[in-house]
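show me the folded form of this:
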Amino acid sequence: MKRILFIIIMTGIFIGISVDIDSIPKREDHVFSNLKDEYKLVSYFLSPNQRRYYKKLDKKNKWEYISAFWKAQDLNPATEGNEFLLEIITRIEYCNKHYSHFSKGWKTDIGRIYIKHGKPFEILKLNTGVNTKYAQKDYQIWKYRISSFKTYIFIDLHQHGDYRLIYSDGDEKEGSWVDWQSYLGSDFDEGLLQ
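Residues are numbered from 1 along each chain as shown. Here you go, the predicted structure:
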């Protein structure tokens, strides 16, 4: 009986240790308590070099790196709260409310762009023409024109609301599909991208 009790206690300690490595209690300087989700969010803003550096760190230092990242983004360190972090949390809530389908909205292509840049200056909601080799689909063109000049095209490939990013202009961190125009059809008006 003592041996069984010892095994149960040791198993509990081991499980507790392995959970603590990947998760931390919710803190004010993080959005998520899960390291994987926290990194996915932070990676929206990191350069390729920063991502490579992060991947070399051990788990404890990964949490510290993420804390330092959020602190560095604070728009006004003199205030008690981190305004940038609070804005990102607000954007995540919006994305989860409006763009969640098969996964949480903040993890979708359209959610990622919204979290990075906020509300677009202009959104065009259109559908592909009849001159496309694919079935007619809904798509959106998002334009940012105030502090930057960026354009994105999202298409609802399976017509269930999960828009995928197929075209990006002005954002070096986002790419375009090689055949993005074939999804929109030969009658697509590229003037819409201006």
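
what's next to stretch 87-107, contact-wise?
31, 40-41, 108, 110-112, 114-115, 118, 160-163 (C-beta atoms under 8 Å, 6 or more residues apart in numbering). (Glycine included, C-beta is placed from N, CA and C.)

so which bits of it are buried?
By 16 or more other C-beta atoms under 10 Å, the buried positions in stretch 87-107 come out as Ile88, Arg91, Ile92, Tyr94, Cys95, Tyr99, Ser100, Gly105, Trp106, Lys107.

helix or strand for the fourth one, which one?
What it means is Tyr94. Counting by DSSP states H and E, the element that carries Tyr94 is helix 83-98.

average model confidence for that helix?
For helix 83-98, mean pLDDT is 96.

after it comes which helix or strand?
helix 109-117.

and that next one, how far out from the chain's middle?
On the basis of C-alpha atoms, centre = their mean, to the nearest Å, helix 109-117 sits 6 Å off its chain's mean C-alpha point.

same deal with stretch 121-130?
Stretch 121-130 sits 22 Å away from the centroid of its parent chain (C-alpha atoms, centre = their mean).

which non-adjacent residue is nearest the most centrally placed residue in the chain?
The centre of the chain sits closest to Arg112, judged by C-alpha atoms, centre = their mean, with a distance of 3.4 Å. Counting by C-beta to C-beta, 6 or more residues apart in numbering, Tyr44 is the residue found nearest to Arg112 once chain neighbours are left out, at 5.6 Å.

quick one, what contacts that neighbour?
Tyr44 is in contact with Arg112, Ile115, Lys116, counting by C-beta under 8 Å, 6+ apart.

may I see those residues organised as JSON lines, with pLDDT and distance to Ser182 added?
Converted to JSON lines, those look like this (pLDDT from 0 to 100; distance: C-beta to C-beta, whole Å):
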{"residue": "Arg112", "pLDDT": "98", "distance to Ser182": "23"}
{"residue": "Ile115", "pLDDT": "98", "distance to Ser182": "29"}
{"residue": "Lys116", "pLDDT": "97", "distance to Ser182": "27"}
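
now, among those, which is nearest to Tyr53?
Minimum distance to Tyr53 across the contacts of Tyr44 is 20.0 Å, recorded for Lys116 (C-beta to C-beta).

let me know whether the closest one touches Phe45 as I believe.
Yes - the criterion here is C-beta atoms under 8 Å, and Lys116 meets it with Phe45 at 6.8 Å.

overlap of the contact sets of the two?
The contact sets of Lys116 and Phe45 do not overlap (C-beta under 8 Å, 6+ apart).

re the thing from before, confidence score at the residue nearest to Arg112?
If you check Tyr44, the pLDDT there is 97.
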